[in-house]
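S.K.: When you get a sec, could you give me coordinates for this:
(2 chains)
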Amino acid sequence: MHIDWGALAIVTVVSITTSVIFTILLAAGIRLVSAAKIRSNQGGSGTVTISLGYALLGVAGLLVLFGIYLIVPQFH
Amino acid sequence: MTELFVVITVIVVALIFDFTNGFHDSANAMAGPIATGALRPRVAVILAAVLNLVGACLSTAVAKTISGGLFDDSLITAPIVLAGLLGAIIWNLVTWLVGLPSSSSHALFGGLIGAVIVGAGLSSVNGSVIVSKILLPAVVAPLVAGLAAAWCTRLAYRITRKTPSVYSNTGFKYGQAFTASMVALAHGTSDGQKTMGVITLVLIAANLQPSGTGPQLWVIIAAGVAIGLGTYSGGWRIMRTMGKGIVEIETPQGAASGAATSATILASAHLGFGLSTTHVSTGSILGSGVGRGAQVRWSVARRMLFAWLLTLPGAGLVGGLAALLSDRGVSGVVALMVLLAVACSVIYLFSRRHKINHANVTDSHEVLVLAAATPPTYADDPRLDAPAKPKKVKRPKAKSAA
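M.R.: Residues are numbered from 1 along each chain as shown, chains lettered A, B, ... in the order given. Reported below is the predicted structural model:
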């Protein structure tokens, strides 16, 4: 019986790593953007925090684009 | 003449299978977003349907083989394919009736295996491939996706612990909508292709298409439309089990489970260890429930596991029985079609007794088949390992609304 344990291990590691990275980017982005919004509601300024937050969300968006690139066979 | 009749029947039945494939797997992508309210039910299924259609039309490299190494390709004749498809359709409909997700590809394999065993004997099926390509992935998929989702969920809650949910929920809902759309698109490219492969194979075998050529345009469009329509019809019974039945899905948890589902599906598709979309997304939802520390309804999970284990023999049994009739010329095929119509009608009539649609999909966590015969359940019923909390919260609300 041939079971490709190597491929299985790679799939496991890659699946967990990418989903964890995506979640960290998304959650951290949301946290920063929300914190900045709350601060500006209270009259403060949160320009740095909000841009950092949107940057993280942007990277998460790039991961989504990479996923779409992987799905669409015409791209590769 | 007989051959042409069989070929046409196979094409029609393949498209019916594609339709059931669509509504069976609609929930894989959209159960989460619908449960958390990230997407409204109608919007979610329209989005999933369009993405499935687009995905089906995008896929260029149609699998030239549908046997997957389970048996010799030369055993695949039009009657065997017909019987296999019937087994898969019936299995998909029965599991839909009881609201259980199960892999449509496993159902198709099961149906074909049953038909091949009847046609060519037990020895023609490669048992070790069943273990390595079907049983092992069915165990691995929920574990991998579940682990990923559990960690993602813990992280998502840890990171946004101090963020008020009025602010965080919008972001998580966007994240969830995007990952769910990726799952729907990926599903179109993989599962839409399956039906095209079946139809093309049968056309080539009947000398209606030169061998070695890809699917014709009408086949691509027909398969894409069939899976899109199936997805649009929603498979609300399965949607309810996945979105509500396994565990209550909160917004950050839904986003985490969506991330785990899409990452695992893409990794498995591109790194050489094929996993079923259904098993992955179910595993993610389970794992995300564990990660949040929510009470998972393990009885539902157990029933799903049984359904997965029974998919191969269940679809195989129907496929095998159908194979007894499918190679008996026109009369056999006509008889099969009549039986299929009867079976579909009976299952549909049963489903009417406890109707679930886009309007009531998230109202309850139960999919009842014989609604009249089922005693009402109470939140403090000791037989339920269901969490009492969400029900208790809901009950007074429903009363005050009424």
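S.K.: who's in contact with residue 21?
M.R.: Went with chain A since none was named. Contacts for A:Ile21 were tallied using C-beta atoms under 8 Å, 6 or more residues apart in numbering or on different chains; they are A:Leu63. Quick note: C-beta positions are derived from backbone N, CA and C, even for glycine.
S.K.: oops, I was thinking of chain B
M.R.: B:92, B:104, B:191, B:194-195, B:227, B:230.
S.K.: Name the nearest residue to the residue in the stretch 301-402 of chain B that chain A sits nearest to, sequence neighbours excluded.
M.R.: Of all residues in the stretch 301-402 of chain B, the one sitting closest to chain A is B:Leu312 (16.7 Å; C-beta to the nearest C-beta). Residue nearest to B:Leu312 in three dimensions, not counting chain neighbours: B:Gly110, with 4.1 Å by C-beta to C-beta, 6 or more residues apart in numbering or on different chains.
S.K.: how many other residues sit next to that neighbour?
M.R.: By other C-beta atoms under 10 Å in any protein chain shown, the residues close to B:Gly110 number 29.
S.K.: can you check the one 4 residues further on too?
M.R.: B:Gly114 sits with 29 neighbouring residues when counted by other C-beta under 10 Å.
S.K.: related to what we said a few turns ago, to which secondary structure element is the residue of the stretch 301-402 of chain B closest to chain A assigned?
M.R.: In this assignment (DSSP states H and E), B:Leu312 forms part of helix B:298-326.
S.K.: Centre of the chain to that helix, how far?
M.R.: Here helix B:298-326 is found 13 Å from its chain centre; the criterion is C-alpha atoms, centre = their mean, to the nearest Å.
S.K.: can you point me to the longest helix in chain B?
M.R.: helix B:2-36 (DSSP state H).
S.K.: quick one, that one and helix B:298-326 angle?
M.R.: Between helix B:2-36 and helix B:298-326, the angle comes out at 170 degrees (axes from the mean of the first three to the mean of the last three C-alpha atoms, to 10 degrees).
S.K.: tell me the mean pLDDT for helix B:2-36?
M.R.: Mean pLDDT, taken over the full extent of helix B:2-36, equals 93.
S.K.: Point out the residues in chain A that sit beside chain B.
M.R.: A:1-4, A:7-8, A:10-12, A:14-16, A:18-20, A:22-24, A:26-31, A:33-35, A:37-38, A:57, A:60-61, A:64, A:67-68, A:70-74 (C-beta under 8 Å from any C-beta of the partner chain).
S.K.: at 7 Å instead, please
M.R.: Within chain A, the positions near chain B by C-beta under 7 Å from any C-beta of the partner chain are A:1-4, A:7-8, A:10-12, A:14-16, A:18-20, A:22-24, A:26-28, A:30-31, A:33-34, A:37, A:64, A:67-68, A:70-74.
S.K.: in terms of contact, does A:Ser19 touch B:Leu147 like I think?
M.R.: No: with contact defined as C-beta atoms under 7 Å, A:Ser19 and B:Leu147 do not form a contacting pair (9.6 Å).
S.K.: Pick out whichever of those two has more residues nearby.
M.R.: More neighbours surround A:Ser19 than the other of A:Ser19 and B:Leu147, with 32 against 21 (other C-beta under 10 Å).
S.K.: so how far is B:Leu317 from A:Ala35?
M.R.: Distance of A:Ala35 to B:Leu317, computed by C-beta to C-beta, to the nearest Å: 58 Å.
S.K.: wait, B:Arg297
M.R.: Taken as C-beta to C-beta, the span from B:Arg297 to B:Leu317 is 29 Å.
S.K.: Comparing the two, which residue is more hemmed in?
M.R.: B:Arg297 (23 against 17).
S.K.: how many neighbours does the residue of the stretch 301-402 of chain B closest to chain A have?
M.R.: 22.
S.K.: Correct me if wrong: it contacts B:Leu108.
M.R.: No: using C-beta under 7 Å, B:Leu312 and B:Leu108 do not qualify as a contacting pair, with a distance of 10.5 Å.
S.K.: returning to what we had before: and the residue of the stretch 301-402 of chain B closest to chain A, what does it touch?
M.R.: Taking C-beta atoms under 7 Å, 6 or more residues apart in numbering or on different chains, we find B:Leu312 in contact with B:106, B:109-110, B:113, B:134.
S.K.: Closest one of these to B:Thr213?
M.R.: B:Phe109 (24.9 Å; C-beta to C-beta).
S.K.: Give me the number of neighbouring residues for the closest one.
M.R.: If we define neighbours as other C-beta under 10 Å, then B:Phe109 has 28 of them.
S.K.: Surely it forms part of a helix?
M.R.: Yes: B:Phe109 forms part of a helix when assessed by DSSP: H, G, I helix; E, B strand; the rest coil.
S.K.: what separates it from chain A, distance-wise?
M.R.: 17 Å (C-beta to the nearest C-beta, to the nearest Å).
S.K.: Now do the same contact list for that residue.
M.R.: Contacts of B:Phe109 (C-beta under 7 Å, 6+ apart): B:68, B:70, B:134, B:312.
S.K.: same check, this time on B:Leu100
M.R.: B:238, B:241, B:303-304, B:307.
S.K.: near chain A, which residues of the stretch 101-250 of chain B show up?
M.R.: Residues of the stretch 101-250 of chain B lying near chain A (C-beta under 7 Å from any C-beta): B:128, B:131-132, B:136, B:140, B:144-145, B:147-148, B:151-152, B:155-156, B:159-160, B:163, B:167-168, B:171-172, B:175, B:178, B:182, B:185-186, B:189.
S.K.: Mind giving me the PyMOL select for these, buried ones only?
M.R.: With 16 or more other C-beta atoms under 10 Å in any protein chain shown as the criterion, this PyMOL line picks the buried residues out of those:
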select buried, chain B and resi 132+136+140+144+145+147+148+151+152+155+156+159+160+163+167+168+171+172+175+178+182+185+186+189
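S.K.: What residue, apart from its backbone neighbours, is nearest B:Ile16 spatially?
M.R.: Nearest to B:Ile16 is B:Ile89, by C-beta to C-beta, 6+ apart, at 5.9 Å.
S.K.: Now do the same for the one you found: helix, strand or coil?
M.R.: B:Ile89 ends up helix, using three-state DSSP.
S.K.: Just the pLDDT for it.
M.R.: Reported pLDDT for B:Ile89: 96.
S.K.: With B:Leu100 instead?
M.R.: pLDDT, B:Leu100: 93.
S.K.: Next: B:Ile134.
M.R.: So, for B:Ile134, pLDDT stands at 86.
S.K.: Report the separation between it and A:Leu56.
M.R.: For B:Ile134 relative to A:Leu56 (C-beta to C-beta), the value is 40 Å.
S.K.: Repeat that for B:Gly289.
M.R.: 26 Å.
S.K.: of the two, who's got more company?
M.R.: Each of B:Gly289 and A:Leu56 has its neighbours counted (other C-beta under 10 Å); B:Gly289 has more, 27 against 20.
S.K.: ok, that one touching B:Val247?
M.R.: Yes: with contact defined as C-beta under 7 Å, B:Gly289 reaches B:Val247; the gap is 3.3 Å.
S.K.: list residues touching both of these two?
M.R.: B:Val296.
S.K.: in the longest helix belonging to chain A, what counts as buried?
M.R.: Across chain A, the longest stretch assigned as helix under DSSP H is helix A:5-41. Using 16+ other C-beta under 10 Å as the test for burial, helix A:5-41 gives A:8, A:10-12, A:14-16, A:18-36.
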